[in-house]
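**Q** Sequence plus the predicted model coming up.
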Amino acid sequence: LGMQSLLGGDRLRARVFRGGAWLGIGSASEQSLRFVRNMVLARLLAPSAFETMALVMSAASLLQAFTEIGVREALIQNPKGREPEYVNAAWWMAFGRSVFIYLILFVLAPWVAKFYGNADLTPLLRVATIGLVLEGAISTKAYVAMKDMRFSRWAAITHGGGILGVATTVILGFLFRDVWALVIGTCAESAARCILSFIICPYLPSFNVDRAAFKQLLQFSKGLFGLAPLVIIYMRLDIFVLGKLIPTAALGYYSLGISVAQVPAVFISNLLGQIFMPALSHVQDDKARVRRIVLQVTGLVMCLAMPGVVFAYFCGRSLLTLIYGHQYAVAAVPLVIAACCALIAFVNNQITTAFYAAGTPQLHRLCVVMMAVVMMILTYPLARWLGPAGGQLASLVSITVGFLIQLNRARHLIGIKVSQYRKLLLQGLAVSTVVVATCLIAQTLTVLTRPVFTVALGLLGCIVAYGVAAWMLIRNPRVAQDYT
């Protein structure tokens with residue numbers, strides 16, 4: 001009866017949990033396959049291939065960010081987002097932007113290659129960014145499905161496309177044994193999403209674009225102007241700087257090492273963002289309800305993420321050795337710091353989602369500006385001093401500064417108190433003590449010093465910690481309430 005009450009009916013709570021189930025299954029499947037893909041490709045391709053691909057995607061992401069207009073978010077947040085005029089205007093906004101980005105990157109590719117002293121980057125960049133055009137051409141009816149919280153359709157599109165792309169990349173890895181497997185696989189993933197979007201959410205763009213609808217969607221986008229490039233500076237500046245400071249192979253170790261933290265981070269962030277943006281948009285005028293949802297989700301995130309950070313600290317070196325090989329163990333310290341960055345980003349993202357759902361994305365601006373400024377100040381000196389670990393340390397300081405700024409603004413927007421976050425932090429720490437105890441016991445048993453045993457015991461500690469968190473949730477059912 002309890003599960004039927006949770007998942008049945010058309011109340012917001014039931015729709016959120018049903019959506020979470022669909023997106024969770026799809027995202028878990030996709031991210032698991034990505035994890036396996038990285039394990040396979042780390043043994044098929046040279047570390048330099050991952051370094052080259054990291055540079056290609058960083059350059060593409062930077063320009064993409066400079067033209068970010070938040071089409072999906074604008075359509076979801078706008079009460080008229082289901083109307084055909086708005087759907088059509090949104091498609092032309094997204095597609096036009098993607099073509100514009102591709103043309104600029106096509107022209108700039110030789111300069112990017114010259115900057116890094118790698119002539120191969122020119123054709124790689126020009127081919128890889130075809131995926132941007134395909135992503136921009138996705139049926140905007142898929143965004144309407146998100147707005148209506150029909151998450152099964154969105155999960156089939158985004159995660160189905162991701163799974164097809166991952167499978168293609170692995171096959172190409174066996175055939176090519178070089179960076180072209182990654183590049184073509186990325187384009188295949190974007191193509192799969194685009195095709196699936198029109199199959200699952202049919203839509204035929206019209207050349208007759210409604211100016212009023214276009215103007216309204218653009219009005220929301222003004223609040224996002226300038227935010228995305230600053231986010232990319234925070235997210236990618238370490239790659240750009242380290243690409244000039246450390247050898248190619250070392251950057252390959254670094255990029256794959258931190259991806260171990262970023263894979264689950266992307267999984268959780270995408271899952272929560274896709275669910276709670278439309279959910280909070282439905283209740284955007286009820287600040288008390290928005291505050292409760294933000295705090296409850298943050299509490300759940302703390303209980304999920306903090307045991308993972310502890311696991312990375314105690315078992316990071318063994319995990320990297322087990323997954324990629326012993327040479328990748330040098331990325332253990334960046335991995336731990338990346339896990340800490342992911343934890344703070346999770347918490348920060350819930351506040352950001354509340355800002356977007358309220359139609360005030362500009363409130364996120366100061367946070368992003370300060371994160372970018374701190375990264376620009378700290379990345380080079382810390383990377384020179386500490387090497388790859390310095391790049392992630394700069395990220396950690398940046399996201400912490402951004403979160404404190406966001407928290408202060410959330411106090412005024414939805415009435416969140418610092419003391420409430422302190423309580424959630426203590427709750428997460430209490431759950432994580434199980435992992436600490438398990439890992440300390442493992443270290444005292446010298447017979448279990450092999451990576452496979454270390455990782456297995458660490459995972460066992462995480463499972464027990466999540467069991468404790470579930471028990472706390474059952475004892476305090478209010479954590480799962482208030483979505484009605």
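**A** Yep, it's here.

**Q** List the contacts of Met277.
**A** Glu73, Ile76, Gln77, Met146, Thr353, Tyr356, Ala357 (C-beta atoms under 8 Å, 6 or more residues apart in numbering). Placement of C-beta: from N, CA and C, glycine included.

**Q** Looking at the residues you listed, which one is closest to Ser395?
**A** Thr353 (20.7 Å; C-beta to C-beta).

**Q** give the contact list for that closest one.
**A** With C-beta under 8 Å, 6+ apart, Thr353 has these contacts: Leu272, Gly273, Phe276, Met277, Leu280, Val294.

**Q** right, and out of those residues, which lies closest to Val107?
**A** Of these, the one sitting nearest to Val107 (C-beta to C-beta) turns out to be Gly273, at 32.5 Å.

**Q** quick one: which helix or strand includes that closest one?
**A** helix 248-282 (DSSP states H and E).

**Q** Which helix or strand lies directly C-terminal to that helix?
**A** By DSSP H and E, the next helix or strand past helix 248-282 is helix 287-323.

**Q** Which positions within that following helix qualify as buried?
**A** 289-323 (16 or more other C-beta atoms under 10 Å).

**Q** residues near Ala339, how many?
**A** 26 (other C-beta atoms under 10 Å).

**Q** tell me which element it falls in.
**A** helix 332-357.

**Q** Reformat the contacts of Met277 into CSV and put pLDDT next to each item.
**A** Shown next, in CSV, are the contacts of Met277 (pLDDT from 0 to 100):
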residue, pLDDT
Glu73, 79
Ile76, 82
Gln77, 77
Met146, 82
Thr353, 86
Tyr356, 83
Ala357, 80
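
**Q** any idea which of the residues you listed is the one closest to Val333?
**A** Thr353 (30.9 Å).

**Q** Tell me the buried residues in the host helix or strand of Lys114?
**A** Assigned by DSSP H and E, Lys114 belongs to helix 84-116. In terms of neighbour count (16+ other C-beta under 10 Å), helix 84-116 has its buried residues at 85-95, 97-98, 101-102, 105, 108-109, 112-113, 116.

**Q** Next up, the contacts around the residue nearest to Phe95 when sequence neighbours are not counted.
**A** Leaving aside its sequence neighbours, Phe95 sits nearest to Gly136 (C-beta to C-beta, 6 or more residues apart in numbering; 4.8 Å). For Gly136, the contacting residues are Ala94, Phe95, Gly96, Arg97, Ser98, Val99, Ile101, by C-beta under 8 Å, 6+ apart.

**Q** Run through the residues that contact the third one.
**A** Shown in contact with Gly96 (C-beta under 8 Å, 6+ apart): Gly136.

**Q** Name the spans of the stretch 1-150 of the chain whose pLDDT lies under the cut-off.
**A** 1-20, 22-24, 27, 31, 47, 51, 61-69 (pLDDT under 70).

**Q** Once you drop chain neighbours, what's closest to Leu196?
**A** Nearest to Leu196 is Ile157, by C-beta to C-beta, 6+ apart, at 4.8 Å.

**Q** Next, work out how far apart the one you found and Ile76 are.
**A** 15 Å (C-beta to C-beta, to the nearest Å).

**Q** Next: Met39.
**A** With C-beta to C-beta as the criterion, Met39 and Ile76 are 35 Å apart.

**Q** So for those two, which sits in the more crowded spot?
**A** Using other C-beta under 10 Å as the criterion, Met39 and Ile76 rank with Ile76 on top: 22 against 14.

**Q** From what I see, the more buried one and Pro278 are in contact.
**A** Yes: counting by C-beta atoms under 8 Å, Ile76 touches Pro278, with 5.5 Å between them.

**Q** any idea which element Trp208 lies in?
**A** I think there's a mix-up here, since residue 208 is Asn and not Trp. Per DSSP H and E, there is no helix or strand for Asn208.

**Q** Could I get the phi/psi values of it?
**A** Backbone torsions of Asn208, given as degrees, to the nearest 10, read phi -90, psi 100.

**Q** so who does the residue nearest to it when sequence neighbours are not counted touch?
**A** Of all residues not flanking Asn208 in the chain, Asn88 sits nearest, at 7.6 Å (C-beta to C-beta, 6+ apart). Contacts for Asn88 (C-beta under 8 Å, 6+ apart) come out as Thr140, Pro205, Ser206, Asn208, Val209, Asp210, Ala213.

**Q** element containing Phe220, please.
**A** Going by DSSP H and E, Phe220 is in helix 211-222.

**Q** which helices and strands does the following helix or strand past that helix pack with?
**A** For helix 211-222, the succeeding helix or strand toward the C-terminus, using DSSP H and E, is helix 227-245. Judged by 3 or more C-beta pairs under 8 Å, 6 or more residues apart in numbering; DSSP states H and E, helix 227-245 is in contact with helix 47-66, helix 248-282, helix 365-386, helix 388-414.
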